[in-house]
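Enquirer: With the input below, show me the fold.
(4 chains)
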Protein chains: 2
Amino acid sequence: MRSTSRTEAFPAHTPAASQIFTTVLSHGPLTRSEIAARTRLSAAAVTKAVRPLIEAGYLLEDVDEDARQPSLGRPANPVLVDGGRALFIGVKMTGDELIAVLTDLCCRIRVARHVPLTTHDPKAVLASTAALVQELLTEADGFGVRVQGLGIAVSGDVDRAAGVVRYSPFLEWRDVPLAELAAMTTGLPVTVDNDVRALTVAEQWFGAGVGLSDFAVVTVGAGIGCGLVVHGQVVSGAHGVAGEIGHVAIDPAGPLCHCGNRGCVEAIAADSAIVGKVREVTGVQVADAAAALDLAHEGDPGAREVYARAGEAIGRGIATVANLLGPERVIISGEGLAAYDLFAEQIRDAFAAAAFGSAARCDVQTRPLPFEEWARGAAATAIQSFIRSDTY
Amino acid sequence: MRSTSRTEAFPAHTPAASQIFTTVLSHGPLTRSEIAARTRLSAAAVTKAVRPLIEAGYLLEDVDEDARQPSLGRPANPVLVDGGRALFIGVKMTGDELIAVLTDLCCRIRVARHVPLTTHDPKAVLASTAALVQELLTEADGFGVRVQGLGIAVSGDVDRAAGVVRYSPFLEWRDVPLAELAAMTTGLPVTVDNDVRALTVAEQWFGAGVGLSDFAVVTVGAGIGCGLVVHGQVVSGAHGVAGEIGHVAIDPAGPLCHCGNRGCVEAIAADSAIVGKVREVTGVQVADAAAALDLAHEGDPGAREVYARAGEAIGRGIATVANLLGPERVIISGEGLAAYDLFAEQIRDAFAAAAFGSAARCDVQTRPLPFEEWARGAAATAIQSFIRSDTY
DNA sequence: GTCCCTTATTTTCTGCTGTCAATGAAAGAA
DNA sequence: TTCTTTCATTGACAGCAGAAAATAAGGGAC
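Expert: The predicted structure follows:
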């Protein structure tokens, strides 16, 4: 993360304060005793850590008299995060567009924008980004609150700590020091991370991964990606790459993948693989994933079979993750979920069949993924950096 | 872990002391400044934490004048762990024998024993274990040092925290509170863990995993197992099961596995799978894995082909782990390594082909596995519990 | 041999975090 | 009104770890 001017520091200087704030952020309004129980701190520590956060305006005492349950003893006094206290911008860079959102501290989207990208040249992309960020900063002025950070999500090999995009196939970038560059052009502290990991952070703090120490996010769409949380931390891998479920090979006799192997999950279930296979099987020259989907929804048996195969591949991939890591939950998401009705059953069946023993007890969920969600993940990484900036 | 009498507490009451001791334990003799650098503590903190450990006899000042490098300034004063300060017993329970070792604090084996098991009845197994432990306790008396803990490794689903064997297929046990039972019969603090995880702990603290925050141990033999370390911690999975690389399915057209699926790594590369396939291919009714290995070593092309297939399966399984977790290193071990010359090349080739991008940078090593090694892993878990007993 | 330089270790002091135990606050119940 | 219950706060305190300065232990220059 690179920091410049105009942003303030988050007043959680101790591990306890940081932990408490994160707990309240994820688990909604909590009384001080509930916080103490969850964080395993003493009530006194909570009181002391909460005060400066309230004084700084990041936490609010919830004085909602109506919602109070009549009960014995002194009424509890819940605190919650004032989402409006700070704003963040998240940008998702794809090969052909930029998606940006303005979110509050609770990662609720306030404004969303997207612009097409006509070139992959880092300078030009950076200029477009700066313009888009500027637009959102102007919007933010309307809320009267400062934007405290910018998160950027890029697919590929990204080194978050260094703020460098090591290699991005879609953008054709190598070793671009994006955080530094974007910090210079926007004047904001910048966090750069891999797109799937960013989405995973959003789920971990604000989504279906709240409170879980081990879960996985699987995204289905143009590619098949996977974000992993183990021991409560997002897995980045020793070499910056992890969660490559798309290139888990499940069938040596399967179709050739662009990575050179046969039978990768991505070679069977990614959008382009499905489109190709639908064309081959049905003879209909469907233009894109949406057209292929329409054909299947119209009842074309060949197309439906292709989706069934894709579902099976995804289910087997998820089972592999479950067998190796034993997560508590797997969250399936992504644009490809539009076809969920066509392969849900196959995913579940293949998962159930291939998951070994207790691994099958893993809860497999699906979550629709609005198009701004990737950008929201980027914003979540910015929020994370903001909250931890002093502590870690 | 259950604790009774006759054992002392480890005098590392602070996280810093615990971390320092573990660092010295794993990284051999270190000077105080090296310790400070590694642990990122101040030199002052190291001095203060080291003193009580030296006073208690767990650390020694290394006064080896000869080994001292002539250099400028005050000579450094390395400290090292006094392995002889405490003894531990590790027991590996298999379906047909008990293997036990007496180790010192540095997990060096002092004495090893094994006895056959004739029944799986928990009471009888426990009695045999108690007798074996008693034998080693007698041996330990000869060293004049107390045994401070007992570690037991069992294959299957084991809840270390609760000390309960949830399910062990080979022993046909369900929900056996082994730690409690063994603590009662032996009078020692007992740690029970899954066998592969125990081996992984041994590698993490005393083997090829020292200093790595992300690595995997893959065992090849009667089964194919995998222990994972992510973020410096052994992965147990939300439901107590993780690392089931043996049931990662790599070929839907592969042989049927006892788990009901086709093409599991274990159905191709486990001892019994290899023996079965060698019989089928060569027509020779080899009696066991050793006989199959002999046949292949004699040059029988059919048998060699079976081993090549097994190597390929293992390599693909490892690549799957690497793709998902991006470990820094994979350590291949196990009794099956006797055939290493027959499938090493295939493992490497299959791994290299199926590993995606940076995941291929993962260092794949092999380590011979003496038969007492499983029991040593159990002892390592006991050492871990002993050192952490007060702190965690 | 003495002095100086360098590096390692220890000492002393200090700040700060989180716990403990006692106290205050706000309700319903007797 | 007073008691009980539960939640929250306060102030004293213990303990950890860091900073800076002091001390230790060599080698080398003179």
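Enquirer: quick one: A:Glu34 from B:Ala56, how far?
Expert: 41 Å (Cβ to Cβ, to the nearest Å). C-betas here are computed from N, CA, C, even on glycine.
Enquirer: all helices for the stretch 151-300 of chain A, in order.
Expert: Assigned by DSSP state H, counting those that start in this stretch, the stretch 151-300 of chain A shows helices spanning A:178-186, A:195-206, A:265-269, A:271-282, A:289-297.
Enquirer: and of those helices, who's closest to DNA strand D?
Expert: Of all the helices of the stretch 151-300 of chain A, helix A:195-206 sits nearest to DNA strand D, with 23.1 Å by Cβ to the nearest atom of the strand.
Enquirer: What helices and strands are in contact with the one helix or strand A:Val115 maps to?
Expert: For A:Val115, the host element (DSSP states H and E) is strand A:109-116. Under the contact criterion of 3 or more Cβ pairs under 8 Å, 6 or more residues apart in numbering or on different chains; DSSP states H and E, strand A:109-116 touches strand A:97-104, helix A:122-143.
Enquirer: Low-confidence stretches in chain A?
Expert: By pLDDT under 70, the low-scoring segments of chain A are A:1-7, A:63-70, A:389-392.
Enquirer: Report the residue ranges of every domain in it.
Expert: A:15-84, A:87-202+A:373-388, A:211-366 (automatic domain parsing).
Enquirer: Nearest residue to the residue in the stretch 251-392 of chain A positioned nearest to chain B in space, please, no chain neighbours.
Expert: Going by Cβ to the nearest Cβ, chain B is nearest to A:Gly326 of the stretch 251-392 of chain A, at 2.1 Å. Setting aside the residues directly before and after it, A:Gly326 is nearest to B:Gly237 in space (Cβ to Cβ, 6 or more residues apart in numbering or on different chains), at 2.1 Å.
Enquirer: List the residues that contact the one you found.
Expert: Residues near B:Gly237 by Cβ atoms under 8 Å, 6 or more residues apart in numbering or on different chains: A:Asp214, A:Leu325, A:Gly326, A:Pro327, A:Ser358, A:Ala359, B:Gly243.
Enquirer: ok, how many other residues are close to the residue of the stretch 151-300 of chain A found nearest DNA strand C?
Expert: Scanning the stretch 151-300 of chain A for proximity to DNA strand C using Cβ to the nearest atom of the strand identifies A:Gly232 as nearest, at 17.0 Å. Neighbours of A:Gly232 under the rule other Cβ atoms under 10 Å in any protein chain shown: 13.
Enquirer: do the same with the one 10 residues further on
Expert: For A:Ala242, the count of nearby residues is 28 (other Cβ under 10 Å).
Enquirer: now the one 5 residues further on
Expert: Burial of A:His247 is recorded as 26 neighbouring residues (other Cβ under 10 Å).
Enquirer: doesn't A:Asn261 make contact with it?
Expert: Yes - at 7.0 Å, A:His247 counts as touching A:Asn261 under the criterion of Cβ atoms under 8 Å.
Enquirer: Mind listing the shared neighbours of these two?
Expert: B:Ala354.
Enquirer: Find the nearest non-adjacent residue to A:Glu328, please.
Expert: B:Ala238 is the one closest to A:Glu328 (Cβ to Cβ, 6+ apart), at 3.7 Å.
Enquirer: In this structure the one you found contacts A:Ala322, no?
Expert: No - counting by Cβ under 8 Å, B:Ala238 stays clear of A:Ala322, with 9.7 Å between them.
Enquirer: Of these two, which one has the most company?
Expert: Set B:Ala238 next to A:Ala322 and count neighbours by other Cβ under 10 Å: A:Ala322 wins out with 29 against 21.
Enquirer: Next one: the closest residue to chain B within the stretch 151-300 of chain A from B:Arg38, what distance?
Expert: Here the stretch 151-300 of chain A gets closest to chain B at one residue, A:Gly237, 2.1 Å apart by Cβ to the nearest Cβ. To B:Arg38, A:Gly237 is 23 Å away according to Cβ to Cβ.
Enquirer: Repeat that for A:Ala242.
Expert: From A:Ala242 to B:Arg38 the distance is 25 Å (Cβ to Cβ).
Enquirer: Which residues of the stretch 201-350 of chain A lie near chain B?
Expert: Those residues of the stretch 201-350 of chain A that sit near chain B, judged by Cβ under 8 Å from any Cβ of the partner chain, are A:212-214, A:226, A:228, A:230-231, A:233, A:235-245, A:247-253, A:259-261, A:316, A:319-321, A:323-328.
Enquirer: List only buried entries from the residues you listed.
Expert: A:212, A:214, A:226, A:228, A:230, A:235-245, A:247-252, A:259, A:261, A:316, A:319-321, A:323-328 (16 or more other Cβ atoms under 10 Å in any protein chain shown).
Enquirer: Tell me which entries of these lie within strands.
Expert: In strands, judged by DSSP state E, the following of those are found: A:Cys226, A:Leu228, A:Val230.
Enquirer: Grab the most central residue of chain A for me.
Expert: Among the residues of chain A, the one closest to the centroid is A:Leu199, at 0.7 Å (Cα atoms, centre = their mean).
Enquirer: measure that residue to A:Ser333 for me?
Expert: 7 Å.
Enquirer: which residues are in contact with both of those two?
Expert: Jointly contacting A:Leu199 and A:Ser333 under the rule Cβ under 8 Å, 6+ apart are A:Val217, A:Thr219, A:Glu373.
Enquirer: Report the contact partners of the first one.
Expert: Yep, that's A:Val217 we're talking about. Taking Cβ under 8 Å, 6+ apart as the definition, contacts of A:Val217 comprise A:Val196, A:Leu199, A:Thr200, A:Glu203, A:Gly209, A:Cys226, A:Gly227, A:Leu228, A:Val330, A:Ile331, A:Ser333.
Enquirer: Look up phi and psi at the closest residue to the fourth one other than its chain neighbours.
Expert: Same thing as A:Glu203. Nearest in space to A:Glu203, with sequence neighbours left out and distances taken as Cβ to Cβ, 6+ apart, is A:Gly209 at 4.1 Å. With angles defined as degrees, to the nearest 10, A:Gly209 sits at phi -100, psi 0.
Enquirer: need the contact list for A:Gly209.
Expert: A:Gly209 neighbours (Cβ under 8 Å, 6+ apart): A:Thr200, A:Glu203, A:Phe215, A:Val217, A:Val229, A:Arg329, A:Ile331.
Enquirer: Just put those residues in CSV and tack on distance to A:Glu305.
Expert: Below are the contacts of A:Gly209 laid out as CSV (distance: Cβ to Cβ, whole Å):
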residue, distance to A:Glu305
A:Thr200, 32
A:Glu203, 32
A:Phe215, 31
A:Val217, 28
A:Val229, 34
A:Arg329, 30
A:Ile331, 27
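Enquirer: All set now, cheers.
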